[in-house]
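# structure here, sequence nowhere to be found:
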């Protein structure tokens, strides 16, 4: 996570350049298609809910109504995450509760996240798809007895997936398909049938070139790829600032609806950078 803070300043490059021609032809090939767009959205975390709830009614509507970015997806953590005020998980007590008998939501869910999700779904003009992501199971499921780290007790690996599954099925609603969770590891080819898609973050793009995703898409075209995290209100002053990222995202969210398909495009000149074209 510290990679987000390594860059102290950025130089903005000028992408536009003089075109040495009077006419440019773009040839669209509707028969050559690529990925389908699942949608665009943001994360409904404790931090998002806390800041949203601290705003007045008028400012809240700016974040959720259709005059904004028209998001149609939301990423919701299962339990606490790095955008929470303190670490927590569901079913923390009793310890060694192998039947997950005390699986209950947290006060943060009822106070912040559920109200924000409710507002988003009520004000959106299109259905909002939700991506549920797990951070850490209860410490008693882990060998280091801590929220941080990925150490899971071998006997409780299956319980961790049941933990996440119980939240999705019991608390997110029947709109999410029910699944039998397994101990999925990519290196086992048989596990692929249980994987619908892949989630990616951009924090290590400087170390690992993004073209790796092109290779994944070619190798497994049936699997979707979602960028599920990229981080960028002055609540006490009741102010909401639209950062440059807001307008950059609007170039996509306002013009590329869900289920749009990228198609092949050819330009008559190399003086113009080819850009993606989508069939809506």
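In hand now; what should we look at? From a predicted model like this one, the values you see are computed outputs, not experimental measurements.
# other SSEs contacting the helix or strand that residue 132 is a member of?
Assessed by DSSP states H and E, residue 132 sits inside strand 129-134. With contacts defined as 3 or more Cβ pairs under 8 Å, 6 or more residues apart in numbering; DSSP states H and E, the packing partners of strand 129-134 are strand 73-78, helix 157-167, strand 224-229. All C-beta atoms are positioned from the backbone trio N, CA, C, and that covers glycine.
# that strand vs strand 73-78, what angle?
In terms of direction (axes from the mean of the first three to the mean of the last three Cα atoms, to 10 degrees), strand 129-134 departs from strand 73-78 by 30 degrees.
# sorry, back to before: lowest average pLDDT across the helices and strands packed on strand 129-134?
Comparing mean pLDDT across the helices and strands packed on strand 129-134, the lowest value falls on helix 157-167: a mean of 57.
# next SSE downstream of it?
Sequence-wise, the next helix or strand downstream of helix 157-167 (DSSP H and E) is strand 197-201.
# so what are the sheet partners of that following strand and their directions?
The strands beside strand 197-201 in its sheet (DSSP bridges) come out as strand 224-229 (parallel).
# what sits up against the strand it pairs with?
The contact list for strand 224-229, computed with Cβ atoms under 8 Å, 6 or more residues apart in numbering, reads 35-36, 38, 43, 75, 131, 133, 196-202, 213, 216-217.
# swap the cut-off to 6 Å and go again
Outside strand 224-229, the residues that touch it by Cβ atoms under 6 Å, 6 or more residues apart in numbering are 75, 197-201, 213.
# my guess is residue 40 contacts residue 251, does it?
No. Counting by Cβ atoms under 6 Å, residue 40 stays clear of residue 251, with 10.7 Å between them.
# quick one on the thing from earlier: going through the contacts of strand 224-229, which ones are buried?
75, 200 (16 or more other Cβ atoms under 10 Å).
# and which of the contacts of strand 224-229 is nearest to residue 81?
residue 75 (9.9 Å; Cβ to Cβ).
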